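>>> quick one, structure for this:
(chains A, B, C and D)
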Protein chains: 4
Amino acid sequence: MKILKDQILDCNKSEIQNHKETFDFLSSTLDKKGHKVAEIVAKLSDFQVAIPSWALGAGGTRFGRFSFYGEPSSLEQKIEDIGVIHSLTQTAGAVSLHIPWDIPSDYKAIKEQADALNIKFDSVNSNTFQDQKNAKESYKYGSLSNTSKVVRDQAIAHNLEVITIGDKLGSKSLTVWLADGSCFPGQSNFQTALQNTENSLKDIYKGLPKDWSMLIEYKPYEPNFYSTVIQDWGTSFMLANACGEKAFSLVDLGHHLPNSNIEQIVSILMLKGKLGGFHFNDSKYGDDDLTVGSIKPYALFLIFNELVYGMRNNPQNPDLAWMIDASHNVKDPLEDLIQSLEAIQEAYAKALLVDQVQLKEAQLANDVVKCQEILQNAYRTDVRPLLEKARINNGGVIKPINAFRALGVRGQLIKERGKNTIATGL
Amino acid sequence: MKILKDQILDCNKSEIQNHKETFDFLSSTLDKKGHKVAEIVAKLSDFQVAIPSWALGAGGTRFGRFSFYGEPSSLEQKIEDIGVIHSLTQTAGAVSLHIPWDIPSDYKAIKEQADALNIKFDSVNSNTFQDQKNAKESYKYGSLSNTSKVVRDQAIAHNLEVITIGDKLGSKSLTVWLADGSCFPGQSNFQTALQNTENSLKDIYKGLPKDWSMLIEYKPYEPNFYSTVIQDWGTSFMLANACGEKAFSLVDLGHHLPNSNIEQIVSILMLKGKLGGFHFNDSKYGDDDLTVGSIKPYALFLIFNELVYGMRNNPQNPDLAWMIDASHNVKDPLEDLIQSLEAIQEAYAKALLVDQVQLKEAQLANDVVKCQEILQNAYRTDVRPLLEKARINNGGVIKPINAFRALGVRGQLIKERGKNTIATGL
Amino acid sequence: MKILKDQILDCNKSEIQNHKETFDFLSSTLDKKGHKVAEIVAKLSDFQVAIPSWALGAGGTRFGRFSFYGEPSSLEQKIEDIGVIHSLTQTAGAVSLHIPWDIPSDYKAIKEQADALNIKFDSVNSNTFQDQKNAKESYKYGSLSNTSKVVRDQAIAHNLEVITIGDKLGSKSLTVWLADGSCFPGQSNFQTALQNTENSLKDIYKGLPKDWSMLIEYKPYEPNFYSTVIQDWGTSFMLANACGEKAFSLVDLGHHLPNSNIEQIVSILMLKGKLGGFHFNDSKYGDDDLTVGSIKPYALFLIFNELVYGMRNNPQNPDLAWMIDASHNVKDPLEDLIQSLEAIQEAYAKALLVDQVQLKEAQLANDVVKCQEILQNAYRTDVRPLLEKARINNGGVIKPINAFRALGVRGQLIKERGKNTIATGL
Amino acid sequence: MKILKDQILDCNKSEIQNHKETFDFLSSTLDKKGHKVAEIVAKLSDFQVAIPSWALGAGGTRFGRFSFYGEPSSLEQKIEDIGVIHSLTQTAGAVSLHIPWDIPSDYKAIKEQADALNIKFDSVNSNTFQDQKNAKESYKYGSLSNTSKVVRDQAIAHNLEVITIGDKLGSKSLTVWLADGSCFPGQSNFQTALQNTENSLKDIYKGLPKDWSMLIEYKPYEPNFYSTVIQDWGTSFMLANACGEKAFSLVDLGHHLPNSNIEQIVSILMLKGKLGGFHFNDSKYGDDDLTVGSIKPYALFLIFNELVYGMRNNPQNPDLAWMIDASHNVKDPLEDLIQSLEAIQEAYAKALLVDQVQLKEAQLANDVVKCQEILQNAYRTDVRPLLEKARINNGGVIKPINAFRALGVRGQLIKERGKNTIATGL
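Predicted coordinates:
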């Protein structure tokens, strides 16, 4: 399935008049306040977020999974799905592969398919938290941190293989998420586990192509429920420093203890030049993997406020790898991703409206009330017309969810693929 | 100090043109979508929130308090302060007294002062969490739950006195917040403590005038750090049922364990006809008592969404007592309260924009994506012009913080009161 | 596989001397302090905890499951496994079936098998959180709370069927755990969902045999990550009251928000005569389902302290259904259950050592230091000799884990069943 | 007031027989298992914990403070109090001063008093979280992180003065706890605040005498409720590295987000040679400052397990500064401290019983069940006789709380000091 230009124009017909009116009004309002609307819209147009290859089917929990119809059952179909999202939103111009779930059988064909859809291959992800069929060694008691060298070596080799695969596709970074940890006090020696992990990461780091980077995730718990080797940003930061200048921390919004101030972590990592990537989702309790922006949109805005600040003021920090990492348990995965992209763009647009100069002045004057006013003024602005404009400029639709439904995408996919296909992934 | 009508008109002069444009545009947009803007504005105009008499000076923590200039040092000055806020915002038409900090010396005079400022006397609050000078018995080990009948009787008598005071002023409810609990395992017998509390509350209940109600707060911890007698809504609800039909639960937004779903609690209490009052503030960690809407504005919106639903669909539930209950540690208390009122009105306005009919349809169809769209469409709307309109209609200013500063209110108060006054309270 | 009496005597041979010495010493020490050791030991001997039929194989998380060797693949084998545990520990004299995973094919044979092993059929559990193959309706959007009557009716019918099955086996209660809730704000109407649930539960309640009870679990989140219909004890208590005198709340230790005071909930439910059952496990973060006592043994003791108090002082509360509800992700499930039983008995024994008379006196005197001393004196006592004695008196082994290993149970099970069997369950 | 040797002997008379019996029995039991009891007792005898000068009076919360009788009202009286505790427990051989609350007026006299009581001057604490009377600059908006250089300079100068005072008394380290942070989003620039803090700490570091160290505390929140500059161990560790080899992190048990794995943090800091000090207390919710061991004694044991491991295996880490940092709101402060010391020694003794060799073997074999058995075997041992022996060997009493009461210490203090004295502090 492919969305055609005509279909997009068609979808926009009934919306364009309303868009113009709201955009013009907002534009003139922002203009008066000194904002450069065209620049903001251009930044929104440029902002692209990777879709992970494992997030196009129904997700689940340990209590079960309710399947969804028309799921993609091959990498080709997954890229096709991303193509649909990208056509509509013009914000999903990248895919992030998960190995071994999505090893291409024909690299050339896959690259051509992706190229045609304007989709790049972003960071590749390794998997050492599950045992693959026919694997010699088990990761039940850890992978890169395992007390057994044979297991660590298998996990290192897998990561190196992932790099090789990614390299063929044009990826430029490896994302390492480790489930390694322990379920009970005493089960593991914290110091040995960390040292093993550091040594394993260094071995992988040595295998990075020159222009690649390595992104190290952290997470406090789950699937291990007593300790996790890379439990927080401090540990990830320490490991990235130990590995070298191409190693960075990756922040996943759901990977924090209750009440963490994530925006502060983001800000400090950028100050230190060590923020490499970002996984978007939302949560109320733990790593709930809900649609980004569905629970705490203001926190998302505050995080983007720091990201925008860092992108402007921290040249020591590299460009970031952006990815959505949610689980679609009760929604159509494609609609869920569209809502995610909208929420990300909204937070970004609002952050671009924060007057950093005024904010600094208010901060220096300890005018706390004014600091809040500045942030809230930006946040309270209805920026949807800016997002629409950015999409239109890129050739997308004004209202992606409406278009997705009007075009009958899911029905078409079910027709093509059948009801009972199952996507690889969690 | 008193804000004059002319001053208000003056403040609005420079803002009125911009207000009209944005209001007209929003109004016509909402109109097209079927919203009745005038009705919404009228509801906003009617919505009044009580200011507690203890929140007009600088707050603090156990680590100290940084004082603020020009604090009110008498009940008269406190009402004067509320008068200022109400003149500007037209949303603060009530005061909630805390006894014994604010016992009037001259009831008639105080009532006249409040009347002149259009301020009503809302729920009165008792205090049995501190020992007053010359008190015979100490509340160190509890008040209404104390193992000693003498102490319980003193606490009951105090509550009855608070009712008497409130009655003279026109209040119609008593708010009971109990700090009672324990700091260490074993310190207190949970069952005895609850039974004592229930009996004490019943004794107070008997003293309620016919048209009064009793509002029972709950809180999981602080100032007791192991257990609290009324630790959650379930306990408060149980006690309210035990007392009778004039007893209700009161929800304070900061009085919940991490990650609580407060909107669900609100909804269920309304279904059962037992939600009596509401204390507004915000928090990231515990009972932080920050400005409402400053940390989790979307959660505030979701709560208002349930409040609006309940006010429409739950005739079994009484009118609610609304109050701000924040601590102003680093902001000018009056500015902080103005920001609070704005955030409350914003959440209320957005909740009024939720299309409940469409939402119900989407819920019945299990169209989760659409349910989210409906809520987010309302939330993403910039409703500030509606708030401005509601204020103008009531005779207030368009931009309250700007007006507060332009009129030099704080400077004037310092001039009148001096720098080093201290308000009673925490 | 079956443990023979001779094997048990054999295991005890090398341990008995040491046991006698430590038991005699402890016994005389406790005697001096006024404890009646024989009575305590008798209570420990009598205390039996049900093993759930789904917990005898390896558990997992949404990230995967690492299988274990020699898992039981039929209900007969599961009961055989429980028989092994019970022979050794003499504490696991009951099984709690999960339907539809463990519907007996031959009721008479199963009952005879269980009888021979001294195992009773405790509370039966329904499952409406997963779709069974060939089910007409899906529980994706809820079961007893579903907006569709057809779905609710299917879920009610299933619960009634579970009662019928349990009745044939001699069970006397139905445990209802509902996953029902929502993943996103707006997805569900809190009030309707609760009312549907209440009505469905009432329909099930009507189907209860005369001498049966219904146990209603609560849980704040997972698998739904925004709201859960029965989110806390307050809601469960309200529903139990609405159903009638045979309906009770069931407390699962992992089903609480962070920092909840569970012992207080237990105490209050017993005061109200509404605590019906208990699920044992432990957790550091959420519903981690770790071995009970492995993370917070002191909290477990405090809970038992309330249970012992309630069993003595609250005749209004019924006998409780005790069950272990853990997930065995990295340990041999049988060893894990043995460790669980030991931890439960330990907490119970220590709670029996609390001097309730002295404690009450100290509480009345507000002697907080002494209250703590009393609890800690009991807790710090090494009660393992008492547990050993209770097991010996019942015909079990002194050191269950040692015996399990010395007897080569797991090896034997693998030999009998093969390596790659998989138990039904999560 | 001073405890005399004869009084101690007297107190022990009635307890010594029972002590001997239990000690001998335990000793022989441990002996059989290969433990060297005399060595363990010697380690317990050597273990000394500092008492902070601010913790000898009643503590409180922001909701109030219930005073206690006979509080010390001068530094001399505070040291006298510590002398009492140390005489009884032989574990409190150090005091940690808080400046400016406890600046000595006569250094020589104070040193002589402390010497006579066998009390050393441990780490000194600065205070830049409150404004002192007559201070030129206010710390309302931060101290070492303040945007104003003048304020930062005042705070730096204060810390340097604290070093000078400590140096005169024989202290060897400075503990810096910073309340600096912000209450609202936008109030402060995270990057600037951290950089200012780093620079200020470096300036203080320069003023350290050669043989001194600087201990940097971290804390996620309170008294600031949105962000704290040194929010976690990662930030503290980064700052300590930036300052130099004499700078270390200090862990306060209450200064973590919910569910943090503190023992892992302790272990990693020791691996990196950067754990400098430790503040003991306990908590259920936040920084509750309850008696250490009163809420989570097993977690305390697990932490000591890592401390013992680190002290044996991490020569790169310095000796630690141990201190109790609790708030005594409902107990006699001296009794509370005695209970604290007992709990610390208990956890230490149990950690010394962990068989590290066996544990390592079990870890290498991934024998999770055995790892748990090893830890629990140590933890379940009743080690009180070892603690008694260690106290006796040092000249202390067998049962400190009993002795404190039997000797009528508090009554004596009230007689000497009067009822209404108030100790400086929180």
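
>>> now do whatever residue of the stretch 301-426 of chain A ends up closest to chain D, the pLDDT please.
Across the stretch 301-426 of chain A, the shortest distance to chain D (C-beta to the nearest C-beta) belongs to A:Cys371, at 3.9 Å. Bear in mind the C-beta positions are built from the backbone N, C-alpha and C, glycine included. pLDDT for A:Cys371: 98.

>>> please apply the same query to A:Thr424.
Model confidence at A:Thr424 (pLDDT) stands at 68.

>>> my guess is the residue of the stretch 301-426 of chain A closest to chain D contacts A:Ala362. True?
Yes: counting by C-beta atoms under 8 Å, A:Cys371 touches A:Ala362, with 4.7 Å between them.

>>> OK, contacts around the closest residue to chain D within the stretch 101-250 of chain A?
Per C-beta to the nearest C-beta, A:Gly234 is where the stretch 101-250 of chain A lies closest to chain D, at 2.2 Å. A:Gly234 makes contact with D:Asp232, D:Trp233, D:Gly234, D:Thr235, D:Phe237, D:Met238, according to C-beta atoms under 8 Å, 6 or more residues apart in numbering or on different chains.

>>> now swap in A:Trp233 and tell me
So, once contact is read as C-beta under 8 Å, 6+ apart, A:Trp233 ends up touching A:Tyr218, A:Ser249, A:Val251, A:Ile265, A:Leu269, D:Gly234.

>>> which one is the fifth one nearest to, not counting chain neighbours?
With sequence-adjacent residues excluded and distances taken as C-beta to C-beta, 6 or more residues apart in numbering or on different chains, A:Leu269 is closest to A:Leu275, at 3.9 Å.

>>> roughly how far does A:Gly273 sit from D:Thr192?
Applying C-beta to C-beta, to the nearest Å, the value for A:Gly273 to D:Thr192 is 17 Å.

>>> nearest to chain B among the contacts of A:Trp233?
A:Ile265 (14.1 Å).

>>> give me the pLDDT for that closest one.
Listed pLDDT for A:Ile265 reads 98.

>>> helix/strand/coil for it?
helix (DSSP: H, G, I helix; E, B strand; the rest coil).

>>> so it sits against A:Asp252, correct?
No: counting by C-beta under 8 Å, A:Ile265 stays clear of A:Asp252, with 11.4 Å between them.

>>> higher neighbour count, those two?
Set A:Ile265 next to A:Asp252 and count neighbours by other C-beta atoms under 10 Å in any protein chain shown: A:Ile265 wins out with 27 against 21.

>>> could you report the neighbour count for the closest residue to chain C within the stretch 251-400 of chain A?
Using C-beta to the nearest C-beta, the closest approach of the stretch 251-400 of chain A to chain C is made by A:Asp288 at 3.8 Å. Counted with other C-beta under 10 Å, residues neighbouring A:Asp288 total 23.

>>> report the contact partners of it.
Going by C-beta under 8 Å, 6+ apart, A:Asp288 touches A:Gly254, A:Asn281, A:Asp282, A:Ile295, C:Tyr221, C:Phe225.

>>> switch the cut-off to 6 Å
Shown in contact with A:Asp288 (C-beta atoms under 6 Å, 6 or more residues apart in numbering or on different chains): C:Phe225.

>>> that one and A:Ser249, how far apart?
Distance from A:Asp288 to A:Ser249, by C-beta to C-beta: 22 Å.

>>> ok, A:Pro185 next?
Distance from A:Pro185 to A:Ser249, by C-beta to C-beta: 27 Å.

>>> who has more neighbours out of the two?
Shown here are A:Pro185 and A:Ser249; by other C-beta under 10 Å, A:Ser249 has more neighbours (27 against 24).

>>> SS state for the nearest residue to A:Asn281 once chain neighbours are set aside?
Of all residues beyond its chain neighbours, the one nearest A:Asn281 is A:Ala326 (4.3 Å), with distances taken as C-beta to C-beta, 6+ apart. Recorded secondary structure, A:Ala326: coil (three-state DSSP).
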